[in-house]
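In: Provide a 3D model corresponding to the input given below.
(chains A and B)
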2 protein chains.
Amino acid sequence: MINFKLVGALSLALALGACGTETSNSDSHSSQSEAVAKKLVASSPELKTLSDIALAGLHGYEITQSLTTEIGARQAGSENEALARKWAEHKFSDLGFKNIKTEIFTIDGWERGVESARIVSPSNQNLFVTALGGSVGTPEGGVQAPVVYFKDFEALKSAPEGGLDGKIVYITGKMERTKNGAGYGPANMKRRNGATEAAKRGAIAVLIRSVGTDSHRFPHTGQMAYDPAIKKIPIGALSAPDADQLDRIFASGEDVVINLKLGAKSTGPKTSGNVMGEIIGTEHPEEIILIGAHLDSWDLGTGAIDDGAGVGIVMGAAQVLMQSGLQPKRTIRVVLFGSEEIGLKGGFAYAKAHKFTDLERHVLATESDFGAGKIYGMQTGMGEVNHTTIRAMAPEFKFLAIELLEGESTGGPDIIPLSAEGVPTIRFNQDGTDYFDLHHTPDDTFDKINPEDMAQNVAAYASLIWLVSESTSTFKDE
Amino acid sequence: MINFKLVGALSLALALGACGTETSNSDSHSSQSEAVAKKLVASSPELKTLSDIALAGLHGYEITQSLTTEIGARQAGSENEALARKWAEHKFSDLGFKNIKTEIFTIDGWERGVESARIVSPSNQNLFVTALGGSVGTPEGGVQAPVVYFKDFEALKSAPEGGLDGKIVYITGKMERTKNGAGYGPANMKRRNGATEAAKRGAIAVLIRSVGTDSHRFPHTGQMAYDPAIKKIPIGALSAPDADQLDRIFASGEDVVINLKLGAKSTGPKTSGNVMGEIIGTEHPEEIILIGAHLDSWDLGTGAIDDGAGVGIVMGAAQVLMQSGLQPKRTIRVVLFGSEEIGLKGGFAYAKAHKFTDLERHVLATESDFGAGKIYGMQTGMGEVNHTTIRAMAPEFKFLAIELLEGESTGGPDIIPLSAEGVPTIRFNQDGTDYFDLHHTPDDTFDKINPEDMAQNVAAYASLIWLVSESTSTFKDE
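Out: Okay, the predicted model is just below:
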């Protein structure tokens, strides 16, 4: 095991000339970072080569198109996820990757089944509903019960225990639209814990306003969780227009009765897996730079922005590096994780499988899993060396309109388990303003992706893996 | 029967001072009609009063909210359409209308049932499908067959007879987005006649790319037609992203097999009806100015833009006139037609029911049925008197940014049967740029409506009924 030192980070900073290479922007009237970016150029011939190839091409876009068109939806543990692993092996091979490998693991299967929701009083109206991932189903024939309105998850938690016997709980509340996705965490509380909190109080089922920012008639699915000590009750999400409709009916003072049928059920152990391919490093092949994405998707859409785009971006970035003829000193490993959606299963499986082999030799890891929007920022991982090195590297990305942002990141969902094992991380921050319009809905389809935005992502990841490969930093403190 | 003369139109033109009252626009740099409109004022105290009330209020918006929230979807012949008639009677009564009446008629019922479509080869992918209105269903268990691609309806019509035995026909082709809806007619040929042309050639089912302009995973329904001499085969519409997906798969050269299940079926005779209410004219109560909309909707959405908005606009306009204290000389009749969606059934029933009573005394008729977008134009009906009178009247609407457009109109779908019987018509043209994003989809819900745009519509219709009431024109040639 090579003992890198803190000086590595500093030497990288010097090597990159980070303090002096920021290209000046002579157009002082320009206020848009896009406009600024167009005037900036890569600070080295290698970055120019890589970005020229990426920005002129459709590397990521075409890979995402291939995956989402040829396979479609790729639910964790499904036959289609297995086909996606085969697709990935072939794609890695076609693109010239080495050490192509699939690592299988087992998950608890779940399927959605037939589902419906209907207001039966005060009027007869169909609602667009979908079960949250992992939810139990309703009894045969469904449940039909009076509905109790809660303006948000906090209001439900404030309700007395046992006060909701035999009722269906409805939790509304809109998610905030933000560029960085900050609205997701708060809005997601009701999705993850709504069933448990409602069951504690005697409810027989839960409906939430979808965790999403759109105004279309698509419910958003996503994994929920049960407290093992509390009775499991079914939970579904309503589309935003349906939630608006319910909100209006409740506002009119009417009592509401809903009939809910969720055919969701567990299907026992299923196979999932991670697929990976490498560009082998010329000088330090044992040192691994991991760029990942997740191969699985929810069943409703074709998993284009979540996370077909990420698959295209990271495979495309490595493809660009190969096409450039540049030879990375460290090994670039592209990992496509399975079963991310149901609880980062691929990330945990990878951390477990590699813990006693090469995990310590992972120099840096990151995942692209926030859609296909442009990258506008980057964040360091944890630790002094990581901070120092990545801060020094950050100006190299200004020509792509990427700025260093405050705050640390664990590098993406599937990287969390690696980060927990000490693997250094970095994160590119994509513009997610529209991400939660599509996230986990049937509307997550390939037509939503902008090829130019994807090409910028590919350029950024290609630049990243090159720079990290050239660096001598360990990215981690001793 | 009163014998109006052509001179009536001319006298109206003089009375309105049409040649001189156009408010000048001093801002010669402004190019936007909106901006112009803001500088214009109503040409008479009465129009100012009416528009002030309308533009400051939510008359139409609240009526549409009430209908779409309290009733929801209102399919022709359904229980919900019957409830909507009750709703309309109560709403007319609450708003102070007189002579409230429901005229019942019988239609052929149809219901959608459970439906699904799935690519089974070359991959396993769910498709979002819906039956077109009036389609027969597939046999029990569905149909599964190879799919033959046609780039548009013309391509299908060019195919030899009998060449599609046992096949599912797929007709793609995008609808053009336009302000005036001109893309609808051409795109709609495959919807209306696709089943017949495919059946002539031996096909067992048809799938079309939806007639719509959006990129969401909503299929657009809408009435289709069978040629009685040709075998009836089922026809469904796919959402735009699903059509894109199929187009990509066909472009790759793969053979496609689809499994299609449409539970659609006829349900025998059902009751529908038209509901109407009046403001009785002070001087010529026997002369009727008809402003209409249709009360029914498709079953998928809640019929907000099609045509809850129209219901709100025309009821709201008459409400504004009542609130103003102005007394129209002629009778204003607001008619809410039933079963428009399945072939203008309400319009035909109205024409038949009134043919030998008061149809000759209808001075002018028009329908609001193109969503909730702003009105930007108006068109005359047919005939010299109509042309002369409405052209003279048109400048009165410039303060609402409404311009006289070229071309004649029959006044809206349900007015066609009235026009055919000689009833004079006029048409307000709404901005329909986004209309076909939502039209006939589950996504046609109240949240899509802009209250300011609706208020402008209400102001226009309130102004119209006032001006026509004050006019002495017959609006028709002898």
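
In: hey, let's count contacts and neighbours off CA atoms from now on
Out: Fine.

In: can you give me the helices for the stretch 151-300 of chain A?
Out: Remark: helices assigned in the stretch 151-300 of chain A by DSSP state H, counting those that start in this stretch are A:153-158, A:184-200, A:240-251.

In: Contacts for the longest one next, please.
Out: Applying C-alpha atoms under 8 Å, 6 or more residues apart in numbering or on different chains, the set of residues contacting helix A:184-200 from outside is A:132, A:152-153, A:156-157, A:161-162, A:164, A:169, A:171, A:173-176, A:204-206, A:208, A:211-212, A:222-227, A:230-235.

In: Tell me the buried residues within these.
Out: For those, a burial check counting by 16 or more other C-alpha atoms under 10 Å in any protein chain shown picks out A:132, A:152-153, A:156-157, A:161, A:164, A:169, A:171, A:173-176, A:204-206, A:208, A:211-212, A:222-226, A:232-235.

In: So which of these sit within strands?
Out: With strands taken from DSSP state E, the overlap with those comprises A:169, A:171, A:205-206, A:208, A:235.

In: Same list (those) but as TSV, adding pLDDT and distance to chain B.
Out: Listed next are those as TSV, based on pLDDT from 0 to 100; distance: C-alpha to the nearest C-alpha, whole Å:
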residue	pLDDT	distance to chain B
A:Val169	98	20
A:Ile171	98	19
A:Ala205	98	24
A:Val206	98	22
A:Ile208	98	18
A:Ile235	98	22
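
In: Now tabulate the helices of the stretch 151-300 of chain A in a markdown table and tack on mean pLDDT.
Out: Rendered in a markdown table, the data for these read as follows (pLDDT from 0 to 100):
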| stretch | mean pLDDT |
| --- | --- |
| helix A:153-158 | 98 |
| helix A:184-200 | 97 |
| helix A:240-251 | 98 |
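
In: Tell me which of those helices approaches A:Gly263 most closely.
Out: Comparison of those against A:Gly263 by C-alpha to C-alpha identifies helix A:184-200 as nearest, at 16.3 Å.

In: which residues does A:Ala293 bridge with?
Out: On DSSP bridges, the residues paired with A:Ala293 through beta bridges are A:Leu336.

In: Could you check how far it is from A:Ala401?
Out: For A:Ala293, the distance to A:Ala401 under the criterion C-alpha to C-alpha, to the nearest Å works out to 22 Å.

In: Likewise for A:Gln430?
Out: Using C-alpha to C-alpha, one gets 11 Å for the distance from A:Gln430 to A:Ala401.

In: residue contacts, whichever residue of the stretch 201-350 of chain A sits closest to chain B?
Out: When C-alpha to the nearest C-alpha is the measure, the stretch 201-350 of chain A has its nearest residue to chain B at A:Arg217, with 5.3 Å between them. Taking C-alpha under 8 Å, 6+ apart as the contact definition, A:Arg217 lies against A:128, A:239-242, B:442-443.

In: Over to A:Ala264?
Out: Applying C-alpha under 8 Å, 6+ apart to A:Ala264 gives the contacts A:110-115, A:131, A:134-138.

In: That one and A:Gly292, how far apart?
Out: With C-alpha to C-alpha as the criterion, A:Ala264 and A:Gly292 are 30 Å apart.
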